[in-house]
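Colleague: Let me see the structure of the following:
(chains A and B)
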Amino acid sequence: MNLDYKEYQSLQEISVRSTLKDKKLMKYFNLETAALIKGIHNILSDNSFHDDMPLFFALCKIDFKTIASSEIFNTGQYFDNFKIFDSDIEKFPRTDFLKIPALITENYSINGKFSPELFNKNFFSKLSPIEQFKVLANLPVSFASIVFGLHGDNVTIYESGRSLVWHGVTTDYQGVFLIGSAKTAIDGSVKAGIAYTSSEELQTSKYFTEDICAIEMFKNWNEQGFH
Amino acid sequence: MKNNNSNIVITGMSLASPIGNNQNEFYNAIKNQHTATAELKGMDVNIFTKSIGAEVKKEIWNENLTDRDDRKKYFLDYTLEQLFKSSCEIEKYNEASRILSLGTGLDYINVPDLVENISDGDKIIKLDDYYHSTYDVAMQAALKYNIHGGISVNLATCVASSQAIGIGYRFLKKTENKIFITGGFDSMLNYSQYLGFQRLGTFSTWDGDPACACRPFDKKRSGLVLGEGAALFTLQRADEADQKSILAEIKGYGSTMDGYLVTDPEPSGLYLAKAAISAIKDAGLSPDDIDSVHLHGTGTFKNDPAEANAMKIIFGDRYKKIPVFSLKGSIGHGIGACSALEVCGVIYALENQVTPVTVNYEFPDDTVGLFAIKGEEHKMKINNILKLNANIGGQNSALVIGRHGQ
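Modeller: So this is what the prediction gives:
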């Protein structure tokens, strides 16, 4: 197994510009996509691949914590943390649910009651359609397919390391392929792991039968070696 | 894992759909060409530029359910309950041998409740109360129904549930004494997700009768109409199944990526065709063995010609002769649940030996040029049906589903 595992701190640069032929793609990227693209680039720089090579990917859940509403109102940086930076200081705000607490200050309610009209007027009508591409969970895989010319077997699953291993073990593809995972935390930090592996190798992993959050599986492989 | 191949069969089915919440209702609606696309009733629609969708009949819901609830969670619970009630196969497997593999959509945010509670001063807010990850929904369902062999939740939008079925098929080909409970559940008929889709500009612009708004393969097609629902199946090795319970056989599966654009399908249809050819080869068949095709058939301007081009690659000169259909004119686009709901239509076609009518297909389009059925359903001998799906982002999936033993 050839592994690339990275942890990016909040506001840390995830430099993907140099990996892209079409620089405009970056405007569609969220943190997970940027981290996945960077990791695949690192792996494929040292390894050969065919365009029918599979890519199996697991997106991990964001863990919440109990917070006071006043804390949400007062932390402007909460939202600002959700940006990725390139060397050209291009910024790409993440606009999924994590944006909502900050936007709530714009008031979507009338007399304490939610107003669909205000929600549309003050949020969605101001949102660029591009932002929609940052909330679709399958787009990290789709962008990786576009950037690296991958056309093979694929999947985008949620959370489970065991399920990710199952997809790798049961694929019909004969040869090495990519499996990966990414997880964004509530503070805007992101972890990403990519492995260049095979069905035969994954079948020997303990995670074929034991479940764990996919990103923790990559972290364990990175720290303890493949098992 | 062993490599002793076995046939993989569907032995049970349950569904919650816009045209019926059990097999009989669903079948009758297909036969009678019913459509459920209509003005939305479940939400305040004044904020939408278009408010057409295909909603699941409210009869299956808890009376207290409101437009703030995560609808897909109820669809999953309903279909699991129905499947467990009707299946004699599940109980043959111990809890650790039952695996849940589902396709679904975006996490659900209860925006109205969040807005109203967050406005309440220093009140402690637990965001988990307003944010429902689809993984957690599936996990809770697995625990409730004693499915302890593992779960797989696929998020690949329009191919999610066919890929979820696909991993079940592949896994069972190599593993004995397991049962997959598989399919899909989804609803985007809530404020945040409907508005988000509206911003993408993909909704049907049809100004006439909402029942005619989704028009797969039609020259006057005008965009997609959202649907919702759930469909679940029990998937087993044929040598472990009660032969009388077998509804159909999953014979092959393939998946590819366009690597083209996130917004449009690859126009030549090359990689969709490659997924199909891979699935047909996996089934040990040739394209000549495919009798009918359930296409993705969204009724969008770019999808239908791309699928027609894929058909040319797969079937050569035969592409204009092979009957095709799409259920989306009836049930809308169920996104994470769409392939699973459409597999129910495939099983209908196999059982009744017909290619169903594509509702709202009236005017042939030369840029599509497919043999879509209108008027009366097309009676014919059918052993194998190809089921294709493709998503926003360019992931493609193909299943070959046929009569068991044919």
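
Colleague: Is any residue of stretch A:200-217 near chain B?
Modeller: Yes. Stretch A:200-217 lies within reach of chain B by Cβ under 8 Å from any Cβ of the partner chain, at A:203, A:211. C-beta: built from backbone N, CA, C; applies to glycine.

Colleague: So which bits of that stretch are buried?
Modeller: Across stretch A:200-217, burial judged by 16 or more other Cβ atoms under 10 Å in any protein chain shown covers A:202, A:205, A:207, A:212-217.

Colleague: Just send the residues you listed back as a markdown table, with secondary structure, pLDDT and distance to B:Gln163 too.
Modeller: Putting those into a markdown table (DSSP: H, G, I helix; E, B strand; the rest coil; pLDDT from 0 to 100; distance: Cβ to Cβ, whole Å) gives the following:
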| residue | secondary structure | pLDDT | distance to B:Gln163 |
| --- | --- | --- | --- |
| A:Leu202 | helix | 98 | 18 |
| A:Ser205 | coil | 97 | 21 |
| A:Tyr207 | helix | 98 | 20 |
| A:Ile212 | coil | 97 | 22 |
| A:Cys213 | strand | 97 | 21 |
| A:Ala214 | helix | 98 | 16 |
| A:Ile215 | helix | 98 | 21 |
| A:Glu216 | helix | 98 | 23 |
| A:Met217 | helix | 98 | 20 |
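
Colleague: Find the closest residue to chain A in chain B.
Modeller: Proximity of chain B to chain A (Cβ to the nearest Cβ) peaks at B:Gly393, 3.2 Å away.

Colleague: so that residue touches A:Leu139, yeah?
Modeller: Yes. If you go by Cβ atoms under 8 Å, B:Gly393 and A:Leu139 touch, sitting 5.4 Å apart.

Colleague: Residues that sit against both of these two, list them.
Modeller: With contacts taken as Cβ atoms under 8 Å, 6 or more residues apart in numbering or on different chains, B:Gly393 and A:Leu139 have B:Val262 as neighbours in common.

Colleague: and the residue of chain A nearest chain B?
Modeller: A:Ser142 (3.2 Å).

Colleague: That residue: neighbouring residues, count only.
Modeller: 30 (other Cβ atoms under 10 Å in any protein chain shown).

Colleague: Check the gap between it and A:Val165 for me.
Modeller: Relative to A:Val165, A:Ser142 is positioned 22 Å away (Cβ to Cβ, to the nearest Å).

Colleague: So in the chain, where's the weakest helix or strand by average pLDDT?
Modeller: Picking chain A for this. helix A:76-80 (a mean of 39; mean pLDDT, DSSP states H and E).

Colleague: Chain B was what I was after
Modeller: Counting by mean pLDDT, DSSP H and E, chain B has strand B:124-126 as its least confident element, at a mean of 64.

Colleague: Just after that strand, pick out the following helix or strand.
Modeller: strand B:131-132 (DSSP states H and E).

Colleague: Find the helix or strand that residue 221 is a member of.
Modeller: Here I'm looking at chain A. helix A:214-224.

Colleague: Packing partners of that helix?
Modeller: strand A:2-8, helix A:161-170, strand A:177-184, strand A:190-197 (3 or more Cβ pairs under 8 Å, 6 or more residues apart in numbering or on different chains; DSSP states H and E).

Colleague: Say whether chain B is contacted by the second one.
Modeller: In other words, helix A:161-170. Yes. On the criterion Cβ under 8 Å from any Cβ, helix A:161-170 is in touch with chain B at A:162-163, A:166-167, A:169-170.

Colleague: how about the residues you listed in a markdown table, adding distance to A:Pro54, pLDDT and neighbour count?
Modeller: Output for the residues of helix A:161-170 next to chain B, formatted as a markdown table (distance: Cβ to Cβ, whole Å; pLDDT from 0 to 100; neighbours: other Cβ atoms under 10 Å in any protein chain shown):
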| residue | distance to A:Pro54 | pLDDT | neighbour count |
| --- | --- | --- | --- |
| A:Arg162 | 18 | 98 | 21 |
| A:Ser163 | 15 | 98 | 26 |
| A:Trp166 | 13 | 98 | 28 |
| A:His167 | 8 | 98 | 28 |
| A:Val169 | 12 | 98 | 21 |
| A:Thr170 | 11 | 97 | 23 |
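
Colleague: Out of the residues you listed, the closest to B:Met257 would be?
Modeller: A:His167 (14.1 Å; Cβ to Cβ).

Colleague: Just the element for the residue nearest to the closest one when sequence neighbours are not counted, please.
Modeller: Closest residue in space to A:His167, ignoring its immediate chain neighbours: A:Phe56 at 4.4 Å, by Cβ to Cβ, 6 or more residues apart in numbering or on different chains. Using DSSP H and E, A:Phe56 sits in strand A:55-59.

Colleague: Thanks a lot, catch you later.
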